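1. build me a model:
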Amino acid sequence: MSRVVRTSLTLVAFLASGAAGYWAGQRDLALPVLSWLRTVPWLSENAARASVDPKAAEPVIYYRDPDGRPAYSAVPKQTADGRDFAAVHAGEDVGFAGDARTPQAAQPAEASATGGAKRLLYYRNPMGLPDTSPTPKKDSMGMDYIPVYEGDDDSGSSVKVAAGKLQRTGVKTQTAAERIIVDPVRVPGTVQLDERHMTVVTTRSDAYVNKVADVTTGDRIRKGQALLQLYSPEIAAASALFLTNLNSGTREGTLGGARQRLENLGVPPEAIAEIEQTRKVPLSMTWRSPRDGVVVQRNAIDGMKVGPGDVLFRLADTSTVWVVADVPEYQIGAVKVGAAATIRLRGQPSELFSGQVALIYPQVASDTRTTKIRIEIPNPDGVLKPDMYASVEIASGSGQPVVAVPDDAVIDTGTRQLVIVDIGDGRFEPRDVRTGQQGGGFTEIRAGIASGDKVVVAANFLIDAESNLKAALSGMSSTEAMP
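-> Residues are numbered from 1 along each chain as shown. Next comes the predicted model:
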């Protein structure tokens with residue numbers, strides 16, 4: 001159908017409907033006219049459509065693709081397969097937000113239906129440009145400015161977003177809740193022996209080593225196991241005096257002084273008991289291990305002469321070891337004594353060991369700007385060996401539940417932090433917050449929102465930008481309203 005024919009049909013339908021309305025008052029002529037109109041098929045069809053749908057009588061603004069694709073035309077048009085474009089009348093125009101725009105005539109009625117008449121504040125640009133008007137107007141594309149009523153612009157910061165736009169922009173919310181935030185501190189460390197579980201074997205007088213037991217560095221020994229035999233002239237003289245007092249039945253005081261001298265020379269209690277039983281002074285004394293552990297140093301050699309204080313053996317108990325880690329200076333404030341720690345050996349990455357921070361050393365290394373911390377680890381199987389490298393993960397935080405939101409909810413501008421709060425009914429409001437510790441994908445909120453508030457975790461930058469734009473437009477409208 002050509003454009004001329006379509007235009008003629010539209011004009012005829014309009015004239016016909018108008019003529020019918022006029023001549024309906026003239027009873028004598030109404031029936032003949034209406035009878036003639038019914039004889040024209042296409043004319044009667046258009047008149048019926050106009051009576052059923054009042055919008056059909058409104059002027060056509062443009063034509064759109066019948067399948068809803070973004071294809072428009074100012075004149076009638078057909079698709080590639082011969083289908084007509086759908087006519088969009090003045091009352092059926094839709095906006096870019098996806099929601100049908102209310103005709104200007106219906107806006108005041110709709111505002112009153114929602115709770116009384118609302119005062120019209122201004123009209124804003126439909127494309128979001130910083131342009132307002134105190135009276136209705138159109139933009140360069142022919143789109144009507146959107147009216148803003150009192151109540152719709154009650155806050156310069158809040159913004160209302162249509163449901164369809166929320167879905168298209170991917171806005172997602174999550175409830176702020178109380179949770180324990182754990183931010184692990186990961187630092188390197190080394191395994192070291194527990195200084196409190198180390199012992200040295202030595203003498204307190206000049207002596208000669210007669211024989212060393214078959215014990216070498218790295219051997220595990222038991223308490224009471226023989227280590228070496230040595231001869232000391234001073235120990236032998238004290239032993240002879242002790243034996244003389246025993247044989248002569250000397251008073252207990254004198255006998256006790258001789259025993260005390262042997263103990264002062266470091267003679268083991270087992271050797272003193274042997275003198276009492278055998279009533280003989282042995283040529284050499286047997287030195288035994290004072291604890292269970294591992295031989296970490298052996299200096300004794302058969303026939304050597306040793307002086308007072310010379311270390312013959314160094315023993316260590318490895319049932320408990322230390323892991324000493326170097327924490328950077330800027331992270332030491334997050335580490336507390338008693339904090340849980342997880343250790344992973346570089347030689348055995350699949351096995352984890354657990355312990356607690358026992359001590360934070362009181363000084364900072366000037367060359368590395370790190371502070372050492374000490375973690376005690378049970379080591380009953382001896383898997384942890386001295387000087388092994390380890391990766392240490394220390395749990396930080398207060399351990400108390402705090403109000404927290406996902407990291408994506410916080411917008412950091414550099415000078416302030418804010419979150420977008422869903423206040424219901426499609427409205428969103430930016431709020432300044434004071435943040436705290438971060439960890440595990442969550443940020444502590446110390447002020448600004450409370451537990452239970454819904455915050456935006458996706459597309460919050462878009463809402464923030466629209467909120468700032470709305471605040472700017474509100475300021476402009478206030479300025480325009482001033483005389």
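2. for stretch 435-445, buried residues please.
-> Thr435, Gly436, Gln437, Gly439, Phe442, Thr443, Glu444, Ile445 (16 or more other CB atoms under 10 Å). Yep, even glycine has a C-beta here, placed from its N, CA and C like the rest.
3. wait, what's in contact with the fifth one?
-> Just to be clear, that refers to Phe442. For Phe442, the contact set (CB atoms under 8 Å, 6 or more residues apart in numbering) comprises Arg179, Ile181, Ala404, Val405, Pro406, Asp407.
4. just those: which are in helices?
-> Per DSSP state H, helices hold no members of those.
5. for the nearest residue to Gly142 once chain neighbours are set aside, give me the pLDDT.
-> Here the nearest residue to Gly142 in space, its sequence neighbours aside, is Ile61; by CB to CB, 6 or more residues apart in numbering that works out to 8.0 Å. Here, the pLDDT recorded for Ile61 equals 76.
6. ok, now Lys172?
-> Note on Lys172: pLDDT of 79.
7. also Ala47?
-> Model confidence at Ala47, given as pLDDT, is 47.
8. equivalent analysis for Val295, please.
-> So, for Val295, pLDDT stands at 93.
9. from the contacts of Phe442, which two are the most distant?
-> The most widely separated members of the contacts of Phe442, counting by CB to CB, are Arg179 and Asp407 (12.9 Å).
10. just to revisit the earlier point, lowest pLDDT pick from the contacts of Phe442?
-> Ile181 (78).
11. which ones are touching that one?
-> For Ile181, the contacting residues are Gly397, Val402, Ala404, Gly436, Gln437, Gln438, Gly439, Gly440, Phe442, Thr443, Glu444, by CB under 8 Å, 6+ apart.
12. could you pull out the helices for this protein?
-> For the chain, the helices defined by DSSP H occupy 3-23, 27-38, 41-52, 107-113, 163-169, 233-248, 252-264, 269-278, 460-481.
13. so for Ile181, what's the nearest residue that isn't a sequence neighbour?
-> Sequence neighbours aside, Gly439 is the residue nearest to Ile181 in space, at 4.6 Å (criterion: CB to CB, 6+ apart).
14. and if you look at Lys211?
-> Gln229 (4.8 Å).
15. again, but for Thr368
-> Nearest one to Thr368, counting by CB to CB, 6+ apart, is Asp326 at 6.6 Å.
16. what about that neighbour, how many residues nearby?
-> Neighbour count for Asp326, taken as other CB atoms under 10 Å: 17.
17. and what of the one 10 residues further on?
-> For Lys336, the number of neighbouring residues by other CB under 10 Å comes to 14.
18. against Asp412, how distant is it?
-> Taking CB to CB, to the nearest Å as the measure, Lys336 falls 27 Å from Asp412.
19. and what of Lys138?
-> Look at Lys138 and Asp412: by CB to CB, they are 40 Å apart.
20. I'd say the residue nearest to Thr368 and Arg374 touch.
-> No: contact status for Asp326 versus Arg374: not in contact, 11.3 Å apart, counting by CB atoms under 8 Å.
21. rewinding a little: please list all residues in contact with the residue nearest to Ile181.
-> Listed by CB under 8 Å, 6+ apart, the contact set of Gly439 reads Ile181, Val182, Asp183, Pro184, Ser396, Gly397.
22. hey, what's it bridged with?
-> Residues in a beta bridge with Gly439, per DSSP bridges, are Phe442.
23. separation between it and Ala404?
-> 9 Å.
24. just Ala71 next, same as before
-> For Ala71, the distance to Ala404 - CB to CB - is 48 Å.
25. run a quick neighbour tally on the closest residue in space to Phe353 that isn't next to it in sequence.
-> Using CB to CB, 6+ apart and skipping the chain neighbours, the partner closest in space to Phe353 is Ile343 (4.3 Å). Number of residues near Ile343 (other CB under 10 Å) recorded here: 22.
26. list the contacts for Ile343?
-> Here Ile343 is in contact with Gly189, Val323, Leu352, Phe353, Ser354, Gly355, Ile375, Ile377, Ala390, Ser391, Val392, Glu393 (criterion: CB under 8 Å, 6+ apart).
27. and if we set it to 6 Å?
-> Val323, Phe353, Ala390, Val392 (CB atoms under 6 Å, 6 or more residues apart in numbering).
28. hey, what's it bridged with?
-> With DSSP bridges as the rule, Ile343 is bridged to Phe353, Val392.
29. that one and Leu193: what is the separation?
-> Per CB to CB, Ile343 is found 16 Å from Leu193.
30. ok, now Ile332?
-> Ile332 is 24 Å from Leu193, by CB to CB.
31. these two: which has the busier surroundings?
-> Leu193 (19 against 16).
32. what are the bridge partners for that one, then?
-> Beta-bridge partners of Leu193, as defined by DSSP bridges: Val321.
33. about what we covered before: now the residue nearest to Phe353: how far from Val357?
-> Distance from Ile343 to Val357, by CB to CB: 12 Å.
34. what's the answer for Ile332, then?
-> Counting by CB to CB, the gap from Ile332 to Val357 is 11 Å.
35. same check on Val323?
-> 10 Å.
36. any residues in contact with both of these two?
-> Common neighbours of Val323 and Val357 (CB under 6 Å, 6+ apart) are Ile375.
37. the residue nearest to Thr368 against Thr370, yeah?
-> Yes: at 4.0 Å, Asp326 counts as touching Thr370 under the criterion of CB atoms under 6 Å.
38. sketch out the low-pLDDT regions of the chain for me.
-> 1-58, 90-118, 128, 130, 150-170, 249-256, 397-399, 459-483 (pLDDT under 70).
39. ok, now with 50
-> Residues of the chain meeting the criterion pLDDT under 50: 1-34, 36-37, 40, 42-52, 93-115, 154-155, 477-483.
40. that older thread, can you turn the buried part of the contacts of Gly439 into a PyMOL selection?
-> The PyMOL command for the buried members of the contacts of Gly439 (criterion: 16+ other CB under 10 Å) is given here:
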select buried, resi 181+183+184+396+397
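41. any chance of the contacts of Gly439 in JSON lines with distance to Met304 as columns?
-> Formatted as JSON lines, the contacts of Gly439 follow (distance: CB to CB, whole Å):
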{"residue": "Ile181", "distance to Met304": "61"}
{"residue": "Val182", "distance to Met304": "56"}
{"residue": "Asp183", "distance to Met304": "56"}
{"residue": "Pro184", "distance to Met304": "52"}
{"residue": "Ser396", "distance to Met304": "53"}
{"residue": "Gly397", "distance to Met304": "57"}
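42. much appreciated, bye for now.
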